[in-house]
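Asker: Quick check, what structure comes out for this input:
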Amino acid sequence: MTGGDILVKGGLVVDGSGRPGETGDVLVREGRIAALGRSLPQGSAKMIDAAGLAVAPGFIDIKTHSDFTLPINPKAESKVRQGVTTEIIGHCGFSVAPILPGKLELIRDYLSASAPWLPFRETSFPDYLDTFPGTAVNAGMLVGHHTLRLNVMGMAAGAPTPAELAQMAALLDEALHAGALGLSTGLFTPPGSYAERDEIVALGNVLKRHNALYFTHLRDESNNVIAAVEEAIDIARTCAVHVEIVHLKCSGLDNWGKARQILGMIEQARADGLAVDCDSYPYAAGSNPLKNLLPQWVQSGGMAAMLARLAEPAARARIRGEIERDGLNNWGRIPSWDNVQISISPNLPQHAGETFGALAAARGADPVDAVCDYLIEDKGATRVLITSISEDDIREIVRSPTALVGSDGNCVADYGVTSQGMPHPRFYGTFPRILGHYVHDQHLLPLETAVHKMTGATAAALRLRDRGLLKEGYRADIAIFDPADFRDRATYANPHQYPTGLRTTALVNGEIVVDNARHTGALPGAVLRRTPDGTVG
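Answerer: Here you go, the predicted structure:
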């Protein structure tokens, strides 16, 4: 329930459209923006003094995995303190629903490295949406292709039978009827990597019938990244659906410098009338379950089979040879195993922050042997950071006026269960890093362009009806911050740190969730649902 009127007074209003900001006021009433202008009367409204501050639409984090943490961290501390008011969850083929009877342990094991603390339950997607807990941020949900395959086929390789494909399509159809925004794929790792074009097209055609969206972690972000982008664009063309290429990167030493070419490919697709977008995070390291860095065949047959395989000398020799030849799966060639750092290790938490180069040296082991041994000891649940991206490519994507911003991060906090481990600093710092480092310090792009990429442009890609702009009648999701004092503090060595800015304030659906950099405890977020015409409210 919304409180009384709120008047945000005298700030630089950057409305999310891409236009330069203008000094003015914003009046909030009954959860919506009631008026904008200069010298609006205060009346009985609570006044927020925004002099010297920027007033923007709440940031929309288009690419997150907070479905793994929101139920156990509903205050979404690390996100709302960045000004994030909406998260899109269920990405990269990973979603925690649906889970059919008898499939709970399979999916729990599969997601153990991503959601080590989340309580899983059997659920349909409609039930998942209806019972999602109250949170501080709005959330829009995607259906994960890995999850569909696990429910129907387990970890089996190869193409689905017609009956299996029909069952996956039916599960997707049910989720879309309930209001899921679309489908996500993670074509870089099993079981999603087993899907050929016909399978994705068949599911894409279900999306088209529902005016729904397609989000893809490319089949390869390293040595075959150009072909993988072409594959994503082909789905947009063949199925006539909107395609979002998530966390765009050119990973591995052999692929640095390709960002400009890929952005050009996306622009050409848009010029050809296709609905294609991309997003990225502004860091040189990515994050993934450790098992996903190994050749794809390692995971064949599921967790128990993988752990048994990792103990075999012949399998290790094959892994070593393939990594020497091709680099890491989806990540390419990196300088050394010092570029792979343990992030979250549920069963061996004492090693969080160590690199596999250092760990192998300490154990007197070959790095591949150290990795295999560690995965066995940690029951396959290890998550790592991989430094593999060029700063020049990051800058190329950040300065692009059309590339959107997504953290690829969970909402966590510096206390409680989600404070464990050494997560990627993007969990705490993505949006202030863009605004503080690249806008304010480096002048890589103007403030209004950066805000547009985080709000209005993202809302348009998602087809949000009444969010993403400061506009009369729109939902009052608002981020207020000091452009000169809004910087990321989270680092790889010390990630659990909120951004600077003692006056940072965030409103979600008209309620103050962050008040001068302090969380109020309010949980006014809404579950966003897609309607039959494709818009989201």
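Asker: Give the buried residues for stretch 451-462.
Answerer: Across stretch 451-462, burial judged by 16 or more other CB atoms under 10 Å covers 451-459, 461-462. To be clear about C-beta, it is placed using only N, CA and C from the backbone, and glycine gets the same treatment.
Asker: Filter the residues you listed down to the ones in helices?
Answerer: Among these, DSSP state H puts 451-454, 456-459, 461-462 in helices.
Asker: Would you convert these into CSV that also reports pLDDT and distance to Ala381?
Answerer: Shown next, in CSV, are these (pLDDT from 0 to 100; distance: CB to CB, whole Å):
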residue, pLDDT, distance to Ala381
Val451, 98, 38
His452, 98, 39
Lys453, 98, 34
Met454, 98, 32
Gly456, 98, 39
Ala457, 98, 36
Thr458, 98, 32
Ala459, 98, 36
Ala461, 98, 33
Leu462, 98, 32
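Asker: Gln350: neighbour count?
Answerer: Residues within reach of Gln350, counting by other CB atoms under 10 Å, total 8.
Asker: Quick check: pLDDT value at it.
Answerer: With respect to pLDDT, Gln350 scores 95.
Asker: for the ones in helices among the buried residues of stretch 451-462, which one is nearest Glu30?
Answerer: Ala459 (20.6 Å; CB to CB).
Asker: measure the closest one to Gly158 for me?
Answerer: From Ala459 across to Gly158, the span is 39 Å (CB to CB, to the nearest Å).
Asker: one step back: take the ones in helices among the buried residues of stretch 451-462 and lay them out in JSON lines including distance to Ile33.
Answerer: Putting those into JSON lines (distance: CB to CB, whole Å) gives the following:
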{"residue": "Val451", "distance to Ile33": "16"}
{"residue": "His452", "distance to Ile33": "17"}
{"residue": "Lys453", "distance to Ile33": "21"}
{"residue": "Met454", "distance to Ile33": "18"}
{"residue": "Gly456", "distance to Ile33": "14"}
{"residue": "Ala457", "distance to Ile33": "19"}
{"residue": "Thr458", "distance to Ile33": "18"}
{"residue": "Ala459", "distance to Ile33": "14"}
{"residue": "Ala461", "distance to Ile33": "21"}
{"residue": "Leu462", "distance to Ile33": "19"}
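Asker: nearest to Ser251, of these?
Answerer: Distances from Ser251 to those, taken by CB to CB, are shortest for Lys453, at 21.8 Å.
Asker: mind saving the C-alpha coords of stretch 179-191 as CSV?
Answerer: This file holds the C-alpha atoms of stretch 179-191, laid out as CSV (Å, rounded to 0.1, in the frame of the first residue of the first chain):
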residue,chain,number,x,y,z
GLY,A,179,2.5,-14.0,-17.4
ALA,A,180,6.1,-15.0,-17.9
LEU,A,181,7.9,-12.4,-20.0
GLY,A,182,9.6,-15.0,-22.2
LEU,A,183,12.1,-17.8,-22.6
SER,A,184,15.8,-17.7,-21.7
THR,A,185,18.5,-20.0,-23.1
GLY,A,186,22.0,-20.8,-22.1
LEU,A,187,23.3,-22.6,-25.2
PHE,A,188,26.9,-22.7,-23.9
THR,A,189,26.5,-25.6,-21.5
PRO,A,190,24.5,-28.8,-21.1
PRO,A,191,21.7,-29.5,-21.3
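Asker: so Ile386 sits in a helix?
Answerer: No - per DSSP: H, G, I helix; E, B strand; the rest coil, Ile386 lies outside any helix segment and is strand.
Asker: Show me the beta-bridge partners of it.
Answerer: Beta-bridge partners recorded for Ile386 (DSSP bridges): Gly286, Val340.
Asker: List the contacts of it.
Answerer: 251, 285-288, 293, 328, 331, 334, 339-340 (CB atoms under 8 Å, 6 or more residues apart in numbering).
Asker: ok, 6 Å please
Answerer: Shown in contact with Ile386 (CB atoms under 6 Å, 6 or more residues apart in numbering): 286, 331, 340.
Asker: Tell me the helix or strand right after the helix ranked longest in the chain.
Answerer: Longest helix in the chain, counting residues (DSSP H): helix 162-178. Sequence order places strand 182-186 as the next helix or strand after helix 162-178, per DSSP states H and E.
Asker: just checking, next helix/strand downstream of that following strand?
Answerer: Where DSSP H and E defines the elements, the next helix or strand beyond strand 182-186 is helix 197-209.
Asker: For that next one, what is the distance to the chain centroid?
Answerer: Its chain's average C-alpha position is 22 Å from that of helix 197-209, according to CA atoms, centre = their mean, to the nearest Å.
Asker: low-confidence ranges in this structure?
Answerer: Low-confidence segments of the chain (pLDDT under 70): 1-3.
Asker: Swap in 50 and give it another go.
Answerer: Scanning the chain for pLDDT under 50 picks out 1.
Asker: If you count neighbours, what's buried in whichever strand or helix holds His146?
Answerer: Using DSSP H and E, His146 maps to helix 145-153. By neighbour count on 16+ other CB under 10 Å, the buried set for helix 145-153 is 145-153.
Asker: same check, this time on stretch 516-529
Answerer: Neighbour-count burial for stretch 516-529 [16+ other CB under 10 Å]: 517, 519-520, 522-528.
Asker: swap in stretch 259-275?
Answerer: 259, 262-263, 265-266, 269, 274.
Asker: In a markdown table, list those along with distance to Gly436.
Answerer: A markdown table is the format used below for the buried residues of stretch 259-275 (distance: CB to CB, whole Å):
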| residue | distance to Gly436 |
| --- | --- |
| Ala259 | 22 |
| Ile262 | 26 |
| Leu263 | 24 |
| Met265 | 30 |
| Ile266 | 27 |
| Ala269 | 32 |
| Leu274 | 34 |
